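Asker: Structure, please.
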Amino acid sequence: MSSSQPIELRLPTPGCYADPIKAGIDADAVFDGMTEHLFFTLGKLATTASLRDLYMALSYAVRDRLMTRYLASQEAIRAKPQKTVAYLSAEFLIGPQLNNNLLNLGIQKEAEEAVKRFGIESLNDILEVEEEPGLGNGGLGRLAACYMESLASLQVPAIGYGIRYEFGIFNQIIRDGWQVEITDKWLKGGWPWELPQPDESCFVGFGGRTESYIDDKGNYRSRWIPSEHAIGVPHDIPILGYRVNNCDRLRLWRADATESFDFYAFNIGDYYGAVEEKVASETISKVLYPNDGTDEGRRLRLKQQHFFVSCSLQDMLRSLEKRNICIEDFPQHWSVQLNDTHPAIAVAELMRLLIDNHHLEWERAWDITNRSVAYTNHTLLPEALEKWDLNLFNSLLPRHLEIIYEINRRFLQQVRLRYPGNDSILRKLSIIDEEGGKAVRMAHLATIGAHNVNGVAALHSDLIKRQLMPEFADLWPDKFTNVTNGVTPRRWVALANPELANLLDKEVGSNWITNMDLLTKLENKENDPEFLQLFGATKLSGKRKLAGYIHRQTGILVDPVSLFDVQVKRIHQYKRQHLNALQIITQYLRIKNGTADEIAPRTVIFGGKAAPGYFMAKLMIRFINGIAEVVNADPDMDGRLRVVFLPDYNVKLGEQVYSATDLSEQISTAGKEASGTGNMKFAMNGALTIGTLDGANIEIRDRVGEDNFFLFGKTESEIVELRENGYDPNKYIEESQELSEAIRLIELGHFSNGDSELFKPLLNSLTGYDPFFVMADFSDYLVAQDKVSKAWKNKEKWNRMSLLNTARSGFFSSDRSIREYCDSIWKVKPLEVQITCDVN
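Answerer: Purely as a prediction, here's the structure:
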C-alpha cells in the first residue's frame, strides 16, 4: 500500500487548533488541562471532585490534545483532495475511549502521574468510571471499530458513518438464572468524546408519493414528495491513529424532528399532539435494533437504515460541492463500503440523489454508484440476509422502490441475454422475491450495485460463491473476493494485556504494535524454559485479575491456577454454547463417578447476550446457570470444576477476559460462522483454540500449526452430507453412554431444581432435529477436551504452544485487513499529515 506525498500544514499560533498550550503532552500539561476543565467546564473544585468528575476532566483534556490532529487531518484532505473511505455500518462497538486515546497519543504514564496529583492511587480508578457506548451487538460492530482504528493508524483518510443510538445494546443482569435486559443509558452523565455539528444536519424523507414531470430540458423525471421528514444531526467522534498525526472521525447521526413543538395543538389541549412529531422522529435513533417481530418494529428498522444511509450520502455529496469538485467525480473521492446488508439501501439512495437531486442521466448515475460502492457479506444465515415486505417498503420508500424496479429490470435483461429461456435463474437473481409474500432482497441489491463483494474468511468467501450466491458468482466471477477479518493489536494486546505487551517490547522491540509480523521472532524462544516461564507468568497475572473480578461480580471463588476455559460471544444456537454445557455435565458426572483422574482442574467461563426475542438463546443462558448452580455448590467439585456466567459481557470486560484465557472455545457448526474475531483476540493473547473447521478457525489453525490447535467436529461438507442423508441425532445419543447419561440428568430436572419441564424445549431441539448438529459432534468434542486436559499437565509444553499462538498471530491484525481493502477494493492511498506550527 503505497503512500501519497505527506501534507505539511503550517499553522499559526497561539489561539488556533495547534495552540501548544492545549497540545502539551507532559504530565504538567495534562494536570493543568484537567484543572482547567474541572473549573471552567464542569464547575468543580479539585478538592470536591468525584472520580467521575476527574474522568470527565481528563477526557476533555485528552480531547483537547486530539483536536490539533483531528482538524489538521480534515484540512489535509481539503488541501490535497484524494479518495476517502466511507465505512457505513449499523454498528460501531467502539468500547471505552479514554485509555485508547492515551495509548495512541503515548501519554499513559503522563496521565497516571497527573491523576496522582489529585490524590488518586491509580489511573485504573479513573478508567473504571467510563461508560461504554453500546452501539453494537457483537462482532460486526467491534470489527467496524477495529477497522476505523486501523484506518487512522495507517494514515488512510476515512469517515465511519452510523447511528448515534440514545440507548444501545441492553445491559444484561442475571436474575434467577435468566437474562434480564436493562436499558443502556450510556449518555446519562454526558459523553466527552463527541462533537455535535448541527450546522451540517441533513433532511431525510419517508413515505408519501411520487409524481412524474418533464424537466426544462424535455427529460422525463420522477419527483418524491415525502409525507414526513426527520433531521439528521451529526455527532463526530475523533478516531486517532497510533502515534501518528492522522485523526479520522466517526460520524453518528441523531434524529431530530423538523418541528419540535406544535403550539396550536398545545393551546387547544392536545398536549401529546404538541410533541408527537418530535417523539416520532427522535424514535429513529432511540434504540439499537428494535424488535422486528412486529410491523412497527420492522418499519422502524427500515427507517433507521434509510435515515443514516441518506444522511451519510448527502454528507459525501455536500463535501464535494463545498470543495468545488464535480459530482461526477464522486468515485475518485469516495469509496463507500457497506458493512453487511443493513446499509444496502445506499445503492438506491445514491441513485436517487444523483438522478433526482443532481439531474444525472441513469447510465451516468449507475456508473458512479457501481464504481463507488463495495459490499461486505458477514453471514450465511438466511435470517440475517434482510428482506423487506414489498408493501412496507413501498409505504416508506416509494421512490426507492421505483428505482429498484428499474435496476432490476435492466439487470434481468442482462441475465436473459446470458441465460436465454432460463426462468429459474431469473427468479433466483431477481432483487424482488416472488415466492410467497413479495419482498425486496437487500443482499441482491447490494451485490448488483457494488463493484466488489467480499466475504470475511477463506471458507466463508468460498461458501458465498458455492452456496449463497452461486449464480451471481457465475455471472461476475471477478466481483467476488475474500478479506479475512482482523482485530487491532492496540486495544486487544497493548491495552488488554499490558504485562504481555511489556514482555513483547523487551523481546522483539516496540514496533510489533504496528508490525505484527515481528512477533515471529518469538519462535526463537520456544525452547527457552526461562522465557516460557516469563510468558506463562503474564497469563497468570491476567487470570488473577479476572478471578478477582469474578468474585466481586458473582461471589464465585475460582482458582487462577486452574485451566481457564472460555466461551464469550453472542448467545446463539449455531455458536453452540449448549455443546460446551453438555461436556461440562459429562465432566461433572465423571468426577461424581470417580472416573476423572485425567481431567485437568477447570474454570469454565461463559459470557454473552441473547437477543431479547430469541427464546432458545435465553433458555441456553438459563441452562448454563442451572449447571453452574449445581456444580459450584457440590463439594466434590472443589478444586476440580467451576462454572461461571459473566453478566453483561462487553468490550471493557473483554479486555480482561482475553488476557486471562487458556482455552478458547470456537465450536460453531462448520459452515455457519462467517469468520469470528474473538478467536483472533484469544490467539494473539496466547490462548489455545479448541474448535471446528469453521470461519477463521481454519486460517488460525493453518497459521499457528496443527499441533497448537485442538481440532474436532464434522467438516462443512460432512455436515451437508449428513443433512442430505436424513440426519438423526438419536443415533449419536445411542452410541454414546456419556451423552445419554448427560441428557437423562437434564430430563430429570437435576439442573433445574427438579423441574423436568424447564429445559424440555432445548432437549426437544437437540434430540428431535438438532439443527446445528450438536449430537453429531459431541463425542469428537469430548475426545478433544481430553487432549486438552492431557496437554495442560505439561506446563512447559502448554506455554510453548501458547507462545507459538501469539508468535504466529500477526496475520490477524486489522492493519493487514485494511491494507488488503485499500489495495484490492478501495484503491485508496495513505495521506500522511505533518503539522508545523508558526509562532510568528
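
Asker: Surely residue 81 touches residue 323?
Answerer: Yes - in this structure residue 81 lies within contact range of residue 323 using Cβ atoms under 8 Å: 6.2 Å. The way it works is simple: take the backbone N, C-alpha and C, and place the C-beta from them, glycine included.

Asker: Show me the shaky parts of this structure.
Answerer: Low-confidence segments of the chain, defined by pLDDT under 70, span residues 2-5, 7-23, 260-278, 837-840.

Asker: Let's see that with 80 instead.
Answerer: Counting by pLDDT under 80, the chain contains low-confidence residues at 1-23, 259-280, 289-293, 381-384, 836-840.

Asker: okay, the strand ranked longest in it in PDB with CA atoms only?
Answerer: Of all the segments of type strand in the chain, defined by DSSP state E, the longest one is strand 228-240. Taking only C-alpha atoms (Å, rounded to 0.1, in the frame of the first residue of the first chain), the coordinates of strand 228-240 have been written out as PDB:
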ATOM      1  CA  GLU A 228     -42.800  13.000   6.800                       C
ATOM      2  CA  HIS A 229     -39.300  14.200   7.500                       C
ATOM      3  CA  ALA A 230     -36.600  13.900  10.100                       C
ATOM      4  CA  ILE A 231     -33.400  15.900  10.600                       C
ATOM      5  CA  GLY A 232     -30.100  14.000  10.900                       C
ATOM      6  CA  VAL A 233     -27.800  15.900  13.300                       C
ATOM      7  CA  PRO A 234     -24.200  14.600  13.100                       C
ATOM      8  CA  HIS A 235     -22.000  13.900  16.100                       C
ATOM      9  CA  ASP A 236     -18.400  13.400  15.400                       C
ATOM     10  CA  ILE A 237     -16.000  11.200  17.400                       C
ATOM     11  CA  PRO A 238     -12.300  11.600  16.700                       C
ATOM     12  CA  ILE A 239     -10.600   8.400  15.900                       C
ATOM     13  CA  LEU A 240      -6.800   8.800  16.400                       C
END
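
Asker: So which elements touch the following helix or strand past it?
Answerer: Using DSSP states H and E, the next helix or strand after strand 228-240 towards the C-terminus is strand 247-256. Taking 3 or more Cβ pairs under 8 Å, 6 or more residues apart in numbering; DSSP states H and E as the contact definition, the neighbouring helices and strands of strand 247-256 are helix 51-79, helix 139-153, strand 158-163, strand 228-240, helix 271-282, helix 295-322.

Asker: circling back: next, the angle helix 51-79 makes with the longest strand of the chain.
Answerer: 90 degrees (axes from the mean of the first three to the mean of the last three Cα atoms, to 10 degrees).

Asker: For strand 228-240, which strands pair with it and how are they oriented?
Answerer: Here strand 228-240 is paired, per DSSP bridges, with strand 195-196 (antiparallel), strand 202-206 (antiparallel), strand 247-256 (antiparallel).

Asker: in the longest one, what counts as buried?
Answerer: Spelled out, it's strand 247-256. Along strand 247-256, these residues count as buried under the neighbour rule (16 or more other Cβ atoms under 10 Å): 247, 248, 249, 250, 251, 252, 253, 254, 255, 256.

Asker: ok now it, how far from the chain's centre?
Answerer: A distance of 17 Å separates the C-alpha centroid of strand 247-256 from that of its chain, computed with Cα atoms, centre = their mean, to the nearest Å.

Asker: Give me the angle between it and helix 139-153.
Answerer: 140 degrees.

Asker: quick check: angle from strand 247-256 to helix 295-322?
Answerer: Taking the same axes, to 10 degrees, one finds strand 247-256 and helix 295-322 inclined to each other by 130 degrees.

Asker: State the next helix or strand along the chain beyond the helix or strand residue 408 falls within.
Answerer: Using DSSP H and E, residue 408 sits within helix 398-418. Tracing the chain C-terminally past helix 398-418 and defining elements by DSSP H and E, one meets helix 423-429 next.

Asker: In terms of secondary structure, what does the helix or strand following that following helix contact?
Answerer: Moving toward the C-terminus from helix 423-429, the next helix or strand (DSSP H and E) is strand 432-433. In this structure, strand 432-433 packs against helix 398-418, strand 439-441, with contacts taken as 3+ Cβ pairs under 8 Å, 6+ apart.

Asker: what's the spacing between the residue lying closest to residue 440 once chain neighbours are set aside and residue 246?
Answerer: Among residues not flanking residue 440 along the chain, residue 388 sits closest, at 4.7 Å (Cβ to Cβ, 6 or more residues apart in numbering). In this structure, residue 388 lies at 38 Å from residue 246, with Cβ to Cβ, to the nearest Å as the measure.

Asker: burial of residue 613, as a residue count?
Answerer: Neighbouring residues of residue 613 were enumerated by other Cβ atoms under 10 Å; the total is 12.

Asker: residues in contact with residue 806?
Answerer: 500, 519, 522, 535, 683, 684, 685, 686 (Cβ atoms under 8 Å, 6 or more residues apart in numbering).

Asker: Next: residue 516.
Answerer: Here residue 516 is in contact with 489, 809, 810, 811, 812, 813, 815, 816 (criterion: Cβ under 8 Å, 6+ apart).

Asker: Same check on residue 168?
Answerer: Counting by Cβ under 8 Å, 6+ apart, residue 168 makes contact with 133, 134, 135, 136, 184, 186, 287, 288.

Asker: picking that back up, quick one: which of the contacts of residue 516 sit in helices?
Answerer: Taking DSSP state H as the definition of helices, the contacts of residue 516 contribute 489, 815, 816.

Asker: So which of these is surrounded by the most neighbours?
Answerer: Neighbour counts for the ones in helices among the contacts of residue 516 (other Cβ under 10 Å) peak at residue 489, which has 32 neighbours.

Asker: on that earlier part again, could you identify which of the contacts of residue 806 has the most neighbours?
Answerer: residue 683 (31 neighbours).

Asker: A strand includes that one, no?
Answerer: No - secondary structure assignment places residue 683 outside any strand; it is helix (DSSP: H, G, I helix; E, B strand; the rest coil).

Asker: Now the helices and strands packed on strand 247-256 in JSON lines, please, with extra columns for distance to residue 433 and mean neighbour count.
Answerer: Converted to JSON lines, these look like this (distance: least, Cβ to Cβ, whole Å; neighbours: other Cβ atoms under 10 Å):
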{"stretch": "helix 51-79", "distance to residue 433": "41", "mean neighbour count": "21"}
{"stretch": "helix 139-153", "distance to residue 433": "24", "mean neighbour count": "26"}
{"stretch": "strand 158-163", "distance to residue 433": "27", "mean neighbour count": "26"}
{"stretch": "strand 228-240", "distance to residue 433": "27", "mean neighbour count": "22"}
{"stretch": "helix 271-282", "distance to residue 433": "30", "mean neighbour count": "15"}
{"stretch": "helix 295-322", "distance to residue 433": "15", "mean neighbour count": "20"}
